[in-house]
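Participant: After the sequence you'll find the predicted model.
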Amino acid sequence: MKKDNKGFSLVELIIVIAIMAVLVGVLAPQYLKYVNNSKVSTDISNAQEIATAVNVAFADDQYSAQAASLTGSNTFDVTSMPDGTDFPDSKLNSAYPWHVECGLNGVTTITLNDEAIYPDPKISGGYYSNHHK
């Protein structure tokens, strides 16, 4: 009697697994790079939204007391969103602190982990150039 074996041999399965391992080895670094870059882009977008919200609050005179008490540096720090909520966590590293500095006309600079992220995140030594790969 002839056996009619239908299925894959062990060698065929090992070859398929080896091909999949090579593909994962090639694609995984690209995927991780893509995920990192999307986190950096989200942080930049959040900085722009923070600046917009604070500038709108300036237009509505919500920061008039702080602006009236400006010192010789003509700037003051904003420590939360205009509605009192905290700034969003950094997507790249939630331990990175936001620093929003304002002047008489609204937001002057925003830094994340002491790296410039607003108004131009792509400056040399800024957040984008340090973390975007």
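Facilitator: Looks like it arrived, so ask away. In this text the structure is predicted, and so the values were computed from the model without any measurement. Residues are numbered from 1 along each chain as shown.
Participant: what packs against the lengthiest helix in the chain?
Facilitator: Longest helix in the chain by number of residues (criterion: DSSP state H): helix 10-59. Contacts defined by 3 or more CB pairs under 8 Å, 6 or more residues apart in numbering; DSSP states H and E place helix 10-59 against strand 98-103, strand 106-112, strand 115-118, helix 127-131. In this view, the C-beta of every residue, glycine as well, is placed from N, C-alpha and C.
Participant: which outside residues touch the following helix or strand past that helix?
Facilitator: Next helix or strand after helix 10-59 toward the C-terminus (DSSP states H and E): helix 64-68. Under the criterion CB atoms under 8 Å, 6 or more residues apart in numbering, residues F58, F76, V78, C102, L104 lie in contact with helix 64-68.
Participant: Could I get the buried residue list for helix 64-68?
Facilitator: Going by neighbour count (16 or more other CB atoms under 10 Å), the buried part of helix 64-68 is A67.
Participant: Could you check how far that helix is from the centre of its chain?
Facilitator: Relative to its chain's centre, helix 64-68 lies at 30 Å (CA atoms, centre = their mean, to the nearest Å).
Participant: tell me the average confidence for that helix?
Facilitator: Average pLDDT, helix 64-68: 72.
Participant: Same check on stretch 120-133?
Facilitator: In this model, stretch 120-133 has a mean pLDDT of 92.
Participant: hey, which helix or strand in the chain has the poorest pLDDT?
Facilitator: Every helix and strand in the chain was compared by mean pLDDT, DSSP states H and E; the lowest is helix 64-68, with a mean of 72.
Participant: Can you name the next helix or strand after it?
Facilitator: strand 76-78.
Participant: ok, so what distance separates the residue most central in space within the chain from H99?
Facilitator: With distances taken as CA atoms, centre = their mean, the residue of the chain nearest its centroid is D43 (2.6 Å). Going from D43 to H99 by CB to CB, to the nearest Å gives 13 Å.
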